[in-house]
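A.B. asks: predicted coordinates and the sequence they were generated for:
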Amino acid sequence: MHSSDDQGRFRNIRKKKRLKKRKGKKYYSSKNHSIEHVIGFLGNPNVGKSSLFNELTGSHQHIGNWPGKTVEKKEGHFILADEYFSVIDLPGTYSLSGRSDEEIITEEFIVQERPDLVCVIADAMRLERTLYLALQAFELTDKVAIIVNMIDVAEKHNLEISRKKLASLLGVPVILVSALRDSSLIELKKFIYDAIHTDKYDFHPAKILYSSKIEAIIRKISEQIADRKVLKEYPVRWIAIKLLEGDNWTRSELSKEFDLETLLKTLEEIKEKESINPKVEIAKTKYSGLHTIVTQSVKGDLEFKETISDKIDKIVLHPIFGYPILILIYALFFFISFSISSPIIEGMSYLLNLFAEYIRSLMIQSSSPEIITSFVVDGIIAGISAFLLFLPLIIIFYTLVAIMEDSGYLARSAYLMDRFMNKFGLQGTAFLSIVMGFGCNAAGILATRIIKNPKDRIRMIVSLSFIPCAATLGVIAFITGIFFEPWKASLIMLGLYAFSIFLTLISSSILRLFMEKEEPLPLILEMPEYRKPILKNIYYLTWSRAGVFVKKAGTFIFSASIFIWILSNLPYGVSPEFTILGYLGKVFSFITYPLMGLSWEMIAPLVFGFAAKETIIVALGVIYASGDLKTVLLNLWSLPQVISFLLFQLTYAPCFATIAAVKSETNSYKWSLFSILWPLFLTTLITTIVYQILRLIV
Amino acid sequence: MTKALIDVKAGEKVDIFSINAGFKAHNFLADLGIHEGEKVRVVKNDYGPIILEVKNTRVAIGRGLAQKILVK
Ligand SMILES: Nc1nc2c(ncn2[C@@H]2O[C@H](COP(=O)(O)OP(=O)(O)OP(=O)(O)O)[C@@H](O)[C@H]2O)c(=O)[nH]1
Ligand SMILES: [Mg+2]
């Protein structure tokens, strides 16, 4: 499979125009297969696009039930008759209006990359809605084929779809498939092959004629821009429609060459006089055309019926019962994540310790220098262990998220949380990024892509580091376990979690005050049907997120551990106080001690927390090297200090992996820097207040 | 007689008369087939966002937006 991570490239195409255009339609790839074809997969969210893509290419990465979540560009291939078919899984989108990154990516792909075939995937049960995208694609290119998926569901509902009728009305090849059937797969490959190679199929996409007023304007614009130099690759009719719809990009591109003032003015006048909204008119005409096409080619009862999903929703989305159910499901979700993973982690930790000590004894026997032995065992092996010990929790956590997602519950929790999130100027969808952030903040930041408003998204990205990730939880559990009885420890943990969610939302609200207001985008969210989660889907969904942790955090945790070793061991042989780490801690403690009671021994480990939170406990162990860490801490830390430490470490700063994610998602150094300074400031403020009050009371 | 979508009871089928939402929201709704002249069914309307049935899909719409949609 050709998984390429060039989203950034795609996002910037409009500015850079870096995409190399192919000469002719086919190009020759190197090795065994002489001919390569490029196929684009296009479709509404939830039509089974990824499922088909994975079945076809065998590269399974991202299948789920969350509308609009596939934002990465995904490439795979299959081989038929010794020819190489490269398939691009385009992001799930409802339309091609050029509003969002996803839509821009798709349009650019069709026009600039000139795929040999654009396959629009439709849902047999929702033909009208899912074919809308096909009509838009028709305006960009002729080479469109329609794949009607979920035909198994349609058969269950006794819907009879006439493939021939649909094909002749739409003017392009049509195939009926089900991603669940092996036979469909073979047919689909052959269909794609034939569509490219033979003249078995016609490509005369149905042309939508708009009302005479709209057509007159389209004609007028078309004449004016007929011999343009900009946007040459785009069909003139398409550009005209875009201008009419009020698309900013086509407008600004064209105004480089033309004086559009007069044209736009007449456009506005017509809109005023006729009181029409061209965008809506155009959508309406497409939909009414589709209605005719679909009624002519589908036999069966299309009337509204209450589905099983509707019945489940009566309970799950109930205004009163919905919330206890939500709390129960999430409580269960966290409980299962932690209770399954903790024995695994303990077992692994025991084995890794044995291994480390074994290596140490081997190295001592072979009389290698003490400093080397320490570097290998306390630096390298400790680093690898820290990383491995986090895998079980992360994997189980994201498996459970994937189950909720594929079953359709995740969308419901966004629904239920919408009113609450509105109070903080956010939509219910933002809640999902918080959920993801509890595993690994970096993965949570990637999940903010479902937030459609760019400013809302940035607010959420820089606020997400207030969410304690799984690693922070390890620190909380360790510290509360020392100082409090189990029930108190659990309560404190819950309190800290609630506090952090509160901080995240407050942070986002504060930031909103300082950000330019933009048109709020209200929640508009498709509620997918409940489906029994499919094992394969869960598997690849989990990996797509746990992979973020493995790739990003893995490297950081490992290098951080070596970094810790250097800071805390050099100059070699001195007591911790006089190492580089000791000095660093002391410098910071000039500020942190009077404000928050954090001594140098307490603050130095947090320096490493920057690199990776999971190393905080290791660093504490190194600093308080004299005896058992638990007893030492119990004797040395006062209660206000313990609380202060817990509060401060909870939110003081994102780790490097998270900062890297902020950088790649916002593409801004300013925001990346802000994402470090802002939590540091807010946390210091809050911890100082709490500590000073506690000192007076206790 | 027109009223806001938010005042429509669950189970009722109504004609959309006008949508007074912002540019982006208006366009997004149009793309989903929720536009003036279209018939939609309210599936759920109690505490949270309203759920509509349109072209055999269920779409949740924030209550604020539902106030700005007038139906017949
Ligand atoms: N019954 C049935 N279910 C299907 C079929 N194809 C896909 N599904 C299920 O439909 C759901 C959505 O499938 P995806 O492949 O994630 O859909 P998608 O179009 O990629 O969705 P986004 O990634 O959200 O854009 C999954 O739960 C699939 O298991 C099919 O042919 N029949
Ligand atoms: Mg997908």
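C.D. replies: That came through fine. Ligands and ions are numbered 1, 2, ... in the order given.

A.B. asks: quick one: pLDDT of the residue nearest the centre of chain A?
C.D. replies: In chain A, the C-alpha nearest the mean C-alpha coordinate belongs to residue A:447, at 3.2 Å (C-alpha atoms, centre = their mean). Residue A:447 carries a pLDDT value of 81.

A.B. asks: surely it forms part of a strand?
C.D. replies: No - Residue A:447: not assigned to a strand; according to DSSP: H, G, I helix; E, B strand; the rest coil it is helix.

A.B. asks: buried sites along the longest helix seen in chain B?
C.D. replies: With secondary structure taken from DSSP state H, chain B has its longest helix at helix B:23-31. Neighbour counts over helix B:23-31 (16 or more other C-beta atoms under 10 Å in any protein chain shown) mark B:24-31 as buried. Any C-beta I mention is one placed from the backbone N, CA and C, and that applies to glycine too.

A.B. asks: name the nearest of those relative to residue B:12.
C.D. replies: Nearest to residue B:12 among the buried residues of helix B:23-31 is residue B:29, at 18.7 Å by C-beta to C-beta.

A.B. asks: that closest one reaches residue B:36, doesn't it?
C.D. replies: No - in terms of C-beta atoms under 8 Å, residue B:29 does not count as a neighbour of residue B:36; the distance is 9.9 Å.

A.B. asks: please enumerate the helices of the stretch 551-698 of chain A.
C.D. replies: Taking DSSP state H, counting those that start in this stretch, the helices of the stretch 551-698 of chain A run over residues A:554-569, A:580-596, A:600-609, A:616-623, A:629-636, A:639-651, A:656-666, A:669-697.

A.B. asks: should've said chain B
C.D. replies: With DSSP H as the criterion, chain B has helices spanning B:23-31, B:63-67.

A.B. asks: can you list the domain ranges for chain A.
C.D. replies: Segmentation of chain A into domains, based on automatic domain parsing, reads A:4-197, A:212-275, A:322-521+A:535-697.

A.B. asks: residue A:231 falls within a helix, correct?
C.D. replies: No - secondary structure assignment (three-state DSSP) places residue A:231 in coil, not in a helix.

A.B. asks: from residue A:478, how far off is it?
C.D. replies: Note on residue A:231: its distance to residue A:478, by C-beta to C-beta, to the nearest Å, is 60 Å.

A.B. asks: cool, residue A:530 as well?
C.D. replies: Applying C-beta to C-beta, the value for residue A:530 to residue A:478 is 39 Å.

A.B. asks: hang on, residue A:184 packs against residue A:191?
C.D. replies: No - with contact defined as C-beta under 8 Å, residue A:184 and residue A:191 do not form a contacting pair (9.7 Å).

A.B. asks: circling back to that earlier point, have a look at residue A:231 and residue A:478 and say which one is more surrounded.
C.D. replies: Counted by other C-beta atoms under 10 Å in any protein chain shown, residue A:231 and residue A:478 do not tie: residue A:231 has more neighbours, with 19 against 15.

A.B. asks: now do the same contact list for the more buried one.
C.D. replies: Contact analysis of residue A:231 by C-beta atoms under 8 Å, 6 or more residues apart in numbering or on different chains lists A:239, A:250, A:253-254.

A.B. asks: report pLDDT for it.
C.D. replies: 81.

A.B. asks: now it: how far from residue A:256?
C.D. replies: To residue A:256, residue A:231 is 10 Å away according to C-beta to C-beta.

A.B. asks: next one: residue A:642
C.D. replies: Counting by C-beta to C-beta, the gap from residue A:642 to residue A:256 is 63 Å.

A.B. asks: which elements pack onto the worst-scoring helix or strand of chain B on mean pLDDT?
C.D. replies: Across the helices and strands of chain B, mean confidence by mean pLDDT, DSSP states H and E is lowest for helix B:23-31: a mean of 86. When contacts are defined as 3 or more C-beta pairs under 8 Å, 6 or more residues apart in numbering or on different chains; DSSP states H and E, helix B:23-31 sits against helix A:278-297, strand A:524-526.

A.B. asks: for residue A:429, what are its contacts?
C.D. replies: Residue A:429 makes contacts with A:414, A:450-452, A:523, A:525, as judged by C-beta under 8 Å, 6+ apart.

A.B. asks: equivalent analysis for residue A:437, please.
C.D. replies: A:443-445, A:447, A:464, A:467, A:469.

A.B. asks: hey, where'd the strands end up in the chain?
C.D. replies: All of this is about chain A. For chain A, the strands defined by DSSP state E occupy A:36-43, A:74-80, A:83-89, A:117-123, A:144-149, A:160-161, A:174-176, A:298-299, A:524-526.

A.B. asks: my question was about chain B, not that one.
C.D. replies: For chain B, strands defined by DSSP E occupy the ranges B:3-4, B:13-19, B:39-44, B:50-54, B:57-61, B:69-71.

A.B. asks: picking up where we left off before, out of the contacts of residue A:231, who's near ligand 2?
C.D. replies: With C-beta under 5 Å from the ion as the criterion, the contacts of residue A:231 include none near ligand 2.

A.B. asks: can you redo those residues as a markdown table with pLDDT, neighbour count and distance to residue A:410?
C.D. replies: Listed next are the contacts of residue A:231 as a markdown table, based on pLDDT from 0 to 100; neighbours: other C-beta atoms under 10 Å in any protein chain shown; distance: C-beta to C-beta, whole Å:
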| residue | pLDDT | neighbour count | distance to residue A:410 |
| --- | --- | --- | --- |
| A:239 | 89 | 23 | 38 |
| A:250 | 82 | 23 | 36 |
| A:253 | 82 | 18 | 38 |
| A:254 | 83 | 21 | 41 |
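
A.B. asks: narrow those to those in helices?
C.D. replies: Mapping these onto helices (DSSP H) picks out A:239, A:250, A:253-254.

A.B. asks: show me the beta-bridge partners of residue A:161.
C.D. replies: residue A:298 (DSSP bridges).
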